[in-house]
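>>> Quick one, structure for this:
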Amino acid sequence: MEVFISGLLEESALDQGYAAATGATVTWLDPKDFVKHCETTDNAQSEQRWIWLYRGPWSMLAAPSDIPADQQLLDKWLEQQRVVLKLHHEKPATVLLVNRKTTTAQELFSSLGLTPLPTKTASSPEQNDLSMALAKLFEWIDPYFWEVFEALEAVAWIPKGNPLFRNQLAPPSLETVLQITTLLTAGHRLPEVEKELSEQLQHVHELRSNLKKIQVSDSELNELKQENELLLLQLHQVQEELEKTFLENRERSAALEEEKKKQTQKAVQTKQDYQILEQQLAELVTAEKKSAETLEKVRQANTHLLAEKKALAERNTELEQRAAHELKELQEENELLLLQLHQVQEELESYFLAGQQMGVTLIQSQHTMDQARQLLCRIALQR
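A predicted model of the protein is given here:
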């Protein structure tokens, strides 16, 4: 089996069991090469597995790294994850998305029937408080990062549990808020400390340069030793000054307690606002449930109406067939009646003609009788 693994800034996974496994050839690819080769691979090659490791941008920012966190890094994360989501949509059976924060190499390779080789670095999923607090900040500041992350979680391979969605996040605890405040304070103080350290290092470098310029001789060896001791003493003084500066910074942190209390109050207010939003969300879920029930009732009524419509259509078809049959019978009866009518009409015409002939005969007979009467009258007169 060939296994190709990649991920944006996920090279540290190689030290946690993702580098090799028994029974397979595991190859780490650059994200661009991963997408390029995966697009050209044949889906029918069942012996290949393409695994993309990802984390939320907040987890990357919370983890120790030499890469500075800036807008360019976040934009690159968005662009790369969208490309991989498109690739998974085109080849869902080929590309496997895995969340490094919730899935170990042991779980992943076990699902493929493989066993990862032992490593010196332990591999265990974790979700620290700082990472979760940053995730909550991303939800408030720019929720589009969460939309892309939730799209990854929705199609990712998850060995146990459920996908991580923003509605599962709880407000950060007071300890986490104080930790973030301490980190911010240290970050603001860092340029000043770096400047002081640079000055001290420059001073040490000048002292070393001066030592190299001195011509060492047997007679001056003791003097050089004394100067070295003096330099060591100065170095200890510098160290003490740095420790003093560190203690002063700790004292200054006490002055920030009031500000921390204000931040705590803001956090409490934020928690209350979050609870109100949760209540509103619950009301929306209830309303959505009622809407779903109403929709189901409408669907049932629609089904009933469709059944009635079908029954009416069948009844209409039956009536049409019956009407057609009755119409045919009426047409046959009408034809018979017309035939009988014609016969009666012919008989009446024959009777009419016979009557006319009888009338003519009667008129002739009447005329003959009138002549006979006249003849009789004449005969009577002659006598």
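
>>> and whichever strand or helix holds His205, what other elements does it pack with?
Using DSSP states H and E, His205 maps to helix 174-213. Applying 3 or more C-beta pairs under 8 Å, 6 or more residues apart in numbering; DSSP states H and E, we find helix 174-213 packed against helix 129-141, helix 221-255, helix 257-382. (C-beta placed from N, C-alpha, C; glycine too.)

>>> ok, how many other residues are close to Pro171?
18 (other C-beta atoms under 10 Å).

>>> My guess is it contacts Val268. True?
No: Pro171 is beyond contact range of Val268, at 9.1 Å (criterion: C-beta atoms under 8 Å).

>>> where does the chain dip in pLDDT?
43-46, 64-69, 119-129, 177, 183-184, 186-190, 211-221, 249, 253, 383 (pLDDT under 70).

>>> For the residue nearest the centre of it, which non-adjacent residue is spatially closest?
Nearest to the geometric centre of the chain sits Ala151, at 4.4 Å (C-alpha atoms, centre = their mean). Closest residue to Ala151 apart from its sequence neighbours, by C-beta to C-beta, 6 or more residues apart in numbering: Leu85 at 5.7 Å.

>>> Over to that neighbour. Which of the three states is it?
helix (DSSP: H, G, I helix; E, B strand; the rest coil).

>>> what sits against it?
Val148, Ala151, Leu152, Val155 (C-beta atoms under 8 Å, 6 or more residues apart in numbering).

>>> same question, Ala105
By C-beta under 8 Å, 6+ apart, the contact set of Ala105 is Ala13, Gln16, Gly17, Tyr18, Pro116, Ser123.

>>> coming back round to it: okay if I get the helices and strands packed on helix 174-213 as JSON lines plus mean neighbour count and distance to Pro191?
Shown next, in JSON lines, are the helices and strands packed on helix 174-213 (neighbours: other C-beta atoms under 10 Å; distance: least, C-beta to C-beta, whole Å):
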{"stretch": "helix 129-141", "mean neighbour count": "18", "distance to Pro191": "22"}
{"stretch": "helix 221-255", "mean neighbour count": "11", "distance to Pro191": "13"}
{"stretch": "helix 257-382", "mean neighbour count": "10", "distance to Pro191": "20"}
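
>>> So Pro143 sits against Asn167, correct?
No: if you go by C-beta under 8 Å, Pro143 and Asn167 don't touch, sitting 11.7 Å apart.

>>> hmm, which two among the contacts of Ala105 are most spread apart?
Using C-beta to C-beta, these reach their maximum pairwise distance at Ala13 and Pro116, which is 10.9 Å.
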